[in-house]
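Peer 1: Give me a model of this one.
(one chain, ligands or ions: 2)
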Amino acid sequence: MTIEQRIGIIGGNGWLGSAIASAAVDSGAVDPARLTLSGRSDLSTFPAIPDVHRTNLNAELVERSDVVILSVGPAQFADVRIDAAGKLVVSVMAGITAARITERTGAAEVVRTIPNAAAAVRRSFTPWYATPPVSASNKALVQALFEACGEASEVPEESHIDYCVGMTGSGAAFPALLAEAMIAHAVTHGLPRAFAERAAAGVVAGASQLLARPGADAARIVQEMIDYRGTTAAALLAMRERGFDEAVAAGLAAASAKAAAMSKA
Ligand SMILES: NC(=O)C1=CN([C@@H]2O[C@H](COP(=O)(O)OP(=O)(O)OC[C@H]3O[C@@H](n4cnc5c(N)ncnc54)[C@H](O)[C@@H]3O)[C@@H](O)[C@H]2O)C=CC1
Ligand SMILES: O=C(O)[C@@H]1CCC=N1
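Peer 2: Ligands and ions are numbered 1, 2, ... in the order given. Have a look, this model is predicted:
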């Protein structure tokens, strides 16, 4: 779907805002001439997307946009003073409630999302929640915008977005954590670091594709390996025995707790 509405990204000079802007343009979903980015840094540091309008003035961005994406840090939101009444406001900020966004922007139609760092390679999985006033056509716009960044899926409750800060938002870093642990182990067993890095990245990125197959079922893949009763089963059972599931659960809970604390900072 090509998005006809004019899009503005406040914080479009930042990590995630830049990735969304590039994905939206590269996918063809958004015409760069209808895209505006704002941020606090020098305009020369903004992403180099031809024909995109860049500004340090949020009011100018709002004036030029039908859809305003909020991509500043949660603690920076208190400094964003805009009047977006009558516009669709889409937040990617962790921890900031839709009620607070309406209160501070005047927008009735608010969507909360939690994309992730894989938006940079158009592989973010992005859940989104629309407040009741959001029209069906604006919901379709949000779905199209985040499909340009990877996959997107509507959730029925705002609390699901707060939960997803850990799972989808922070989860993009988890494969690298797994790879790092494997590299460290391989190096202590004498393997050359360069080989270990290539092998770990290859295993983590390559084998993840098993889960990308239609109908893939993580629990079934794990159980099949355990039922095979070979070396993989030995590895999986030892990791579980040492608290793998508990470590993941603690990580997800810590991310959501941190988001709640950041939103109050
Ligand atoms: N980085 C990630 O993987 C993810 C980030 N998020 C959320 O996305 C938001 C942005 O995160 P990042 O891009 O990583 O941060 P960032 O620090 O790279 O970008 C934020 C940008 O906002 C700009 N900014 C700050 N105050 C501003 C203001 N008043 N007006 C205009 N621009 C302003 C800054 O110049 C900065 O470039 C955060 O709220 C974060 O919780 C959500 C999911 C994943
Ligand atoms: O690390 C962070 O704070 C951001 C928010 C969710 C994922 N990344």
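Peer 1: Quick one: the helices in the stretch 1-150 of the chain, in order.
Peer 2: 15-26, 58-63, 98-105, 136-147 (DSSP state H, counting those that start in this stretch).
Peer 1: sorry, that was for the stretch 151-265 of the chain
Peer 2: 158-164, 174-188, 193-207, 209-212, 218-228, 231-241, 244-264.
Peer 1: out of these, which comes closest to Ser27?
Peer 2: Nearest to Ser27, of all the helices of the stretch 151-265 of the chain, is helix 209-212, at 18.4 Å by C-beta to C-beta. The C-beta positions use only the backbone N, C-alpha and C, and glycine is treated the same way.
Peer 1: Give me the distance from stretch 137-154 to the chain's centre.
Peer 2: The chain centroid and the centroid of stretch 137-154 are separated by 12 Å, computed with C-alpha atoms, centre = their mean, to the nearest Å.
Peer 1: Let me know whether that stretch sits next to ligand 1.
Peer 2: No: if you take C-beta under 6 Å from any ligand atom as the test, stretch 137-154 misses ligand 1, and the best it gets is 10.7 Å.
Peer 1: returning to that earlier point: format the helices of the stretch 151-265 of the chain as CSV; extra columns: mean neighbour count, distance to ligand 1 and mean pLDDT.
Peer 2: Formatted as CSV, the helices of the stretch 151-265 of the chain follow (neighbours: other C-beta atoms under 10 Å; distance: least, C-beta to the nearest ligand atom, whole Å; pLDDT from 0 to 100):
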stretch, mean neighbour count, distance to ligand 1, mean pLDDT
helix 158-164, 19, 9, 95
helix 174-188, 14, 12, 98
helix 193-207, 14, 18, 97
helix 209-212, 10, 20, 93
helix 218-228, 12, 22, 97
helix 231-241, 12, 26, 98
helix 244-264, 14, 7, 91
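Peer 1: Reformat these as a markdown table; add distance to Gly14.
Peer 2: Below are the helices of the stretch 151-265 of the chain laid out as a markdown table (distance: least, C-beta to C-beta, whole Å):
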| stretch | distance to Gly14 |
| --- | --- |
| helix 158-164 | 19 |
| helix 174-188 | 20 |
| helix 193-207 | 25 |
| helix 209-212 | 28 |
| helix 218-228 | 32 |
| helix 231-241 | 35 |
| helix 244-264 | 15 |
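Peer 1: which one of the ones you listed lies closest to ligand 2?
Peer 2: Smallest distance to ligand 2 across the helices of the stretch 151-265 of the chain (C-beta to the nearest ligand atom): 6.7 Å, for helix 244-264.
Peer 1: got the contact list for the closest one?
Peer 2: 73-75, 93-97, 100, 162-163, 165-167, 169-170, 174 (C-beta atoms under 8 Å, 6 or more residues apart in numbering).
Peer 1: now swap in stretch 36-46 and tell me
Peer 2: Counting by C-beta under 8 Å, 6+ apart, 6-14, 17-18, 21, 47, 52-58, 60-61, 64-65 sit against stretch 36-46.
Peer 1: do that again at 10 Å, thanks
Peer 2: 6-14, 17-18, 20-21, 47, 49, 52-65, 68-69, 71-72, 76, 79-80, 82 (C-beta atoms under 10 Å, 6 or more residues apart in numbering).
Peer 1: Please state the offset of that stretch from the chain centre?
Peer 2: 21 Å.
Peer 1: List the buried residues of it.
Peer 2: Thr36, Leu37, Ser38, Gly39, Phe46 (16 or more other C-beta atoms under 10 Å).
Peer 1: Over to stretch 48-57?
Peer 2: Neighbour count says stretch 48-57 has Ile49, Val52, His53, Arg54, Thr55 buried, by 16+ other C-beta under 10 Å.
Peer 1: Equivalent analysis for stretch 98-110, please.
Peer 2: Ala98, Arg100, Ile101, Thr102, Arg104, Thr105, Ala107, Ala108, Glu109, Val110.
Peer 1: Now tabulate those in CSV and tack on pLDDT.
Peer 2: CSV is the format used below for the buried residues of stretch 98-110 (pLDDT from 0 to 100):
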residue, pLDDT
Ala98, 97
Arg100, 96
Ile101, 97
Thr102, 98
Arg104, 97
Thr105, 98
Ala107, 98
Ala108, 98
Glu109, 98
Val110, 98
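Peer 1: Residue in this structure with the shortest distance to ligand 2?
Peer 2: For the chain, C-beta to the nearest ligand atom, closest residue to ligand 2: Gly169, 3.1 Å.
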